[in-house]
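# got a predicted structure here, sequence first:
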There are 2 protein chains.
Amino acid sequence: MCKGDDHNCPDFELHRKQLLDDLASERRAFLKSAAVAAGGFAAVAGGTFIPASVRAQTLAAASGSAKYHYLAATAETVHWGYFSKLLKPQLEVDSGDYVTIETLTHHANDDAERMVKGDPGAESVYLWTKDKKGVNRRGAGPVDGKLLGRGAGEGFGVHICTGPVYVRGAEPGDILEVRIMDVKPRPSANPKYPGKSFGSNAAAWWGFHYKELITDPKPREVITIYEIDATGQRNWAKAVYNFRWTPQTDPFGVVHKTIDYPGVPVDHNTINANENVLKNIRIPIRPHFGTMGLAPKEADYVDSIPPSYTGGNIDNWRIGKGSIMYYPVSVPGALLSVGDPHASQGDSELCGTAIECSLNGTFQLILHKKAALSGTSLAELSYPMLETQDEWLVHGFSYPNYLAELGDKAQSTIYEKSSIDLALKDAFRKMRHFLMTTKGLTEDEAISLMSIAVDFGVTQVVDGNWGIHAIIKKSIFPEVA
Amino acid sequence: MCKGDDHNCPDFELHRKQLLDDLASERRAFLKSAAVAAGGFAAVAGGTFIPASVRAQTLAAASGSAKYHYLAATAETVHWGYFSKLLKPQLEVDSGDYVTIETLTHHANDDAERMVKGDPGAESVYLWTKDKKGVNRRGAGPVDGKLLGRGAGEGFGVHICTGPVYVRGAEPGDILEVRIMDVKPRPSANPKYPGKSFGSNAAAWWGFHYKELITDPKPREVITIYEIDATGQRNWAKAVYNFRWTPQTDPFGVVHKTIDYPGVPVDHNTINANENVLKNIRIPIRPHFGTMGLAPKEADYVDSIPPSYTGGNIDNWRIGKGSIMYYPVSVPGALLSVGDPHASQGDSELCGTAIECSLNGTFQLILHKKAALSGTSLAELSYPMLETQDEWLVHGFSYPNYLAELGDKAQSTIYEKSSIDLALKDAFRKMRHFLMTTKGLTEDEAISLMSIAVDFGVTQVVDGNWGIHAIIKKSIFPEVA
C-alpha cells in the first residue's frame, strides 16, 4: 500500500488524504502538548528534551525511523556572521529526525567571566589571542579585513550560527518545517555563578534610539547584563549592572570605538560598572531564537543581519518552545542554521539587541516535498511562516527577497532602505496570500477579515530589512480543530 | 482637615499622600473588577451599567456626590465629522460623575434597514430628504459644500460624535481620566431582527490595500455587513453579506461614485448582495470606541479623522470595557465627545474601517488638576494614554500634534505625510517619557527595557496621522500591586 506518495497507486487519493489527516492531527498534538508545557523556562525544568507524548505522536518516531542527533557549539561547528550555501554541513538528518542544537550568543564577550569562562564550547569559539582566533571570519565581508580595518568578515553580520544541518532529500521548492520541542538556557560555567545564566543587551549605534538620545553624553552605547535562572524556577530576568561602551582594543590590536565587530572582548578594567540599575524590575522571559533559517541561493556569503524569505534573523520572540516555523528551501539539503539566542525581546527590538543569552534548542525537522504541497496550508509558501498553538503569523520585510531585488550591492543597499511602511505592505500581501490560498477566501473576504481580525505588529527595526508581522487567531476558523 | 488639596494645612503632605493612595487603590479596584467581567459582550449581559462593587469603591460615589447622567444620540446631541471647541456642551458634569453615552456608527446607512429603521435616535440623525438633513454639517470642511461639491462639511471627517460633555473645573493643563465602565451593542430596532445588532465594514479608497488589489475589478470598494449578538450570549460576529459600492445618488442629487461623504444612503436596488461570504468564520468581538477625545484648542473645526494629543480617532481596539483613557485637557471644560463605535478591529484597521457598529458606553469622568499631577503617573502627560488591567499603553502618531506642527494647512497636509516610521519614533519617545517620568528610570534603563520588554504594534494606517502604540506590562513593576 502506498503512503500517499505513490501516484500510481489506485487508491492514491484516499491514501494521500489519510496521510494529510495524520500529519495534521500529529501537528496539532505537538502544538497542544507544547502549549501545556509553555511559559518561560519554568515549565521545562526537569523535562526531557523530547516529551514522550510528542515522540509517540510523531509519524517518523512511530515508524521507528526517527533518529536523535546532538550538535554542540564549538569553533568547528559554528559559522559567525553569515549564511552560506558553500558551508560544509555539520550534520545530515532525515525528515522526522530530532536534533538538539547548542547556540551561543555573539555578545558573550561583553562579560566573558559570566558567559565564556570555563565553558569549553564557548571558549573554543571565543578564543582570540594575538596570534589566533578560534573563529576567524566573522561576517560576510572580506576576509582580509582591509576594507574597513575591523577584522576578518568585517562584521557584515554578527550572529554565531550553529550548523548548517543538511536535510536529506531537501530541494529548492520544498518546505522545511522546524518544530521547536524545547529551549533551555545555557548555564554559566563559572563556579561563582551556580544555577545562573546571563545575557547581554547592547543599546548600540544601529538601534532605533541612537540619534534620539536626550541625556548626555551623546551619543553613547550601553551594555546591560541580565541574569536568568538556569534552573527554570523563575520566569523573569533581572538586571545585574550596566556600563557605557569604551574603546576596546582587540587582541590583534584593532581599537573598536563603537560596537563594530562581533566578539571583541570587553576589558572590564576600562569600564564603569553601574550596579544600581532597573531595581525591582522583572523582565518576563520569552526564550527564542532570533536567527534561524536556511541558506539562500542568491549569494555565496550572506550577512546574517537582514532577514529574508529563507528566514534568518527574523527576531520574532514568538519563535520559541512549542511553535513551528516553515521555511522555503532554497538550496539542496536546506542547510538549516540556528543562532542569536534571546532570553527575551520586545516587538521592535528597539535599541538594537534583545537579552542576548546562549540557549540550547531541540528541534524536529520535517521535510515537505514540493509535489506534496498542493492542497495543504503550505501551498505556494514563499516566505517564512510561524505557527503557534493559537495563531498563524506571516513575516513581512521592507524587501521580501532583498538579495534578488536590490541588485549587486543588495547587502549594503538594504541598510539604506529600511522602512516599516514597506514592511507593512509586504506583511499585508503575505497575509492576503495566506487567507486566499490556505483558507480559500476571495480577495474581498480576505481584506475585510484583515481589517477586523488580524493584528499587525513591529517585529524589528534594527536589522536593515525591517519587519512587520501579521497575526491571525486560529479560533477564527472553528472548523479546524 | 484638608483632603490633600489645601497647601496651607500643616499636614498637607500626609493628607496628599493619603489621597493619592486612596485614588490609586480605587483605580486598581476598578481595573480588577472590570477585568473579571471582561471578554466581549458576553460577560456584561444582564449587568447594570455601574457595577455596585465599583460604585462603592469610587471616592466620589462614597462621598455621595457622584451623579449619573444619560446622553442619548439624536440629531441635537451629535456633531458629525469634527471636533470643535465652539460646540455647545450637551451635558455638564462634575469630576466623579457617571454618564452613559449613546454612540452611532456613521456607516449605518450602508444597510439602513438593519441599522437605522425603527430607531428614533438613528432616524433623527440620518434623516435626509430632498429638502432636509437631520444633521447637515458632516465634517470640518466648508458648510456650503462648494469646494468639492460633496455636501456640507465636505466629509473632511466622518464620525458621528455624541457630546461634547463639559467637565466643570477642567482647564488646559489638567488631565481627564475616562473610565469605561460598560459597553453594550445597540440592538437593531427592526422587528425582523430581534436580539441582533449589525455593523458595516467598508474596504474603502482610503484603505491601505486600495492600490494593491490583485483581482478584478480594480479598484473597487466593498461593504461587508456583520451580525453581532445583541444579547451578549455570543462573543463572536459573523458576516451576513457583502456588496461592491456602486455610484449612489444622495437625496440632494449628488452622485457619490466612491465613499466620499458620510451617511449617504445606499440604495439596495443598485447593489448585488453576495450572501456567500466568510462562511463558518467567527470574528472575535472587541467592542470599543474608535473615536473618543477632547476638543483641541488649535483650530475651530477639526477633522475627526486624524488622531492627536487630545485623543480622537485613535482606533485602538483596547479602548473598551474595563480600560481607562487619560487625555490632556486643551480647552476649558475639556469637551469630551465619543463616537466611531466598533464591534471589532485588528491592529492596523487595514482596509479603512472596523466592524462599525453602534454602541452605548458608560463612563466615569475624573478630573486631575494640573497642580496635583506632580508625583503621580500623570505628571507631564502630554499625550493620550491607555491603562488596562495588565498593561500601560502610549500612542504614537506620525505627528504628535499635527495641528500645531504642520501650519495653516495642517488638516490637509497631514494626509500627505502619513507614515508609521514616524509614528514609531513618536511612540518610542512617549514610552521613554513614561518610563523616565512615571517610573523614574534613567534614559539608559528606559531604553534597555524598551528593547527587551515593550511591544510596539501598528494601531492604524488609515487615519491620516498614522499610529503606533507601545505596550508595557504592569507585572514588570512588581512593587505596584
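In hand now; what should we look at? Since we're looking at a predicted model, the values are computed, not measured. Residues are numbered from 1 along each chain as shown, chains lettered A, B, ... in the order given.

# rest of the way, CA atoms for contacts and neighbours
Will do.

# ok, what's across the strand from A:Asp455?
A:Ile471 (DSSP bridges).

# where are the low-confidence patches of chain A?
Confidence mapping of chain A against pLDDT under 70 gives the ranges A:1, A:3-6, A:34-64, A:480-481.

# show me what the lengthiest helix in it is packed up against.
Ranked by number of residues, the top helix in chain A under DSSP state H is helix A:12-36. Here helix A:12-36 touches helix A:52-57, going by 3 or more Cα pairs under 8 Å, 6 or more residues apart in numbering or on different chains; DSSP states H and E.

# can you map out the strands along the stretch 101-250 of chain A?
In the stretch 101-250 of chain A, the strands defined using DSSP state E, counting those that start in this stretch lie at A:160-167, A:175-185, A:196-203, A:222-229, A:236-244, A:248-249.

# contact partners of the third one?
Spelled out, it's strand A:196-203. Outside strand A:196-203, the residues within contact range by Cα atoms under 8 Å, 6 or more residues apart in numbering or on different chains are A:107-108, A:110-111, A:114-115, A:185-188, A:210, A:221-231, A:342-343, A:351-358, B:447-448.

# got the contact list for the residue nearest to A:Asp315 when sequence neighbours are not counted?
Nearest non-adjacent residue to A:Asp315, counting by Cα to Cα, 6 or more residues apart in numbering or on different chains: A:Gly290, 4.1 Å away. Going by Cα under 8 Å, 6+ apart, A:Gly290 touches A:312-317, A:319, A:339-342.

# export those residues to CSV and tack on neighbour count and distance to B:Leu23?
CSV is the format used below for the contacts of A:Gly290 (neighbours: other Cα atoms under 10 Å in any protein chain shown; distance: Cα to Cα, whole Å):
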residue, neighbour count, distance to B:Leu23
A:Gly312, 30, 49
A:Asn313, 24, 46
A:Ile314, 30, 43
A:Asp315, 31, 40
A:Asn316, 24, 38
A:Trp317, 23, 36
A:Ile319, 23, 41
A:Gly339, 34, 48
A:Asp340, 31, 45
A:Pro341, 33, 43
A:His342, 30, 39
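
# wait, which of those is closest to B:Asn136?
Of all the contacts of A:Gly290, B:Asn136 sits closest to A:Asn316, with 49.2 Å by Cα to Cα.

# can you name the helix or strand that the residue nearest to the closest one when sequence neighbours are not counted falls in?
Leaving aside its chain neighbours, A:Asn316 sits nearest to A:Thr459 (5.8 Å; criterion: Cα to Cα, 6+ apart). Using DSSP states H and E, A:Thr459 maps to strand A:454-460.

# between the contacts of A:Gly290, which is nearest B:Lys32?
Nearest member of those to B:Lys32, counting by Cα to Cα, is A:Trp317, at 28.3 Å.

# bridged to the spatially closest residue to A:Met431 that is not a sequence neighbour, which residues?
Distances taken as Cα to Cα, 6+ apart put A:Val394 closest to A:Met431, at 6.3 Å, once the chain neighbours are dropped. For A:Val394, the beta-bridge partners are A:Met385, A:Ala470 (DSSP bridges).

# what's the neighbour count on A:Val394?
24 (other Cα atoms under 10 Å in any protein chain shown).

# pretty sure it sits against A:Leu381.
No - A:Val394 is beyond contact range of A:Leu381, at 10.3 Å (criterion: Cα atoms under 8 Å).

# what residues does the stretch 151-300 of chain A put near chain B?
Within the stretch 151-300 of chain A, the positions adjacent to chain B are A:201-203, A:209, A:213-215, A:222, A:224, A:277-278, A:280-284 by Cα under 8 Å from any Cα of the partner chain.

# for PyMOL, write a command that selects the buried ones of those.
Buried residues within those, by 16 or more other Cα atoms under 10 Å in any protein chain shown, are selected in PyMOL with:
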select buried, chain A and resi 201+202+203+209+222+224+277+278+281+282+283+284
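
# A:Cys2 - that's part of a helix, no?
No - looking at A:Cys2 with DSSP: H, G, I helix; E, B strand; the rest coil, it is coil, so not inside a helix.

# and the gap between it and chain B?
34 Å (Cα to the nearest Cα, to the nearest Å).

# once you drop chain neighbours, what's closest to that residue?
A:Cys9 is the one closest to A:Cys2 (Cα to Cα, 6+ apart), at 6.4 Å.

# isn't that neighbour up against A:Arg16?
No - between A:Cys9 and A:Arg16 there is no contact under Cα under 8 Å: 10.2 Å.

# who has more neighbours, the two?
A:Arg16 (18 against 14).

# roughly how far apart are the more buried one and chain B?
26 Å.

# now swap in A:Ala299 and tell me
29 Å.

# can you show me the CA trace of stretch A:188-205 as PDB?
Provided in PDB are the C-alpha atoms of stretch A:188-205 (Å, rounded to 0.1, in the frame of the first residue of the first chain):
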ATOM      1  CA  SER A 188      27.200  29.800  33.400                       C
ATOM      2  CA  ALA A 189      30.200  27.500  33.600                       C
ATOM      3  CA  ASN A 190      31.900  29.700  36.100                       C
ATOM      4  CA  PRO A 191      31.600  28.100  39.600                       C
ATOM      5  CA  LYS A 192      31.000  31.600  41.000                       C
ATOM      6  CA  TYR A 193      27.500  31.600  39.500                       C
ATOM      7  CA  PRO A 194      25.800  28.300  40.100                       C
ATOM      8  CA  GLY A 195      22.400  27.800  38.600                       C
ATOM      9  CA  LYS A 196      22.500  31.100  36.700                       C
ATOM     10  CA  SER A 197      22.600  32.100  33.100                       C
ATOM     11  CA  PHE A 198      23.500  35.500  31.800                       C
ATOM     12  CA  GLY A 199      22.700  37.600  28.800                       C
ATOM     13  CA  SER A 200      23.700  41.000  27.400                       C
ATOM     14  CA  ASN A 201      21.600  43.800  26.000                       C
ATOM     15  CA  ALA A 202      23.500  46.300  23.900                       C
ATOM     16  CA  ALA A 203      21.900  49.700  23.200                       C
ATOM     17  CA  ALA A 204      24.100  50.200  20.100                       C
ATOM     18  CA  TRP A 205      24.700  52.600  17.200                       C
END
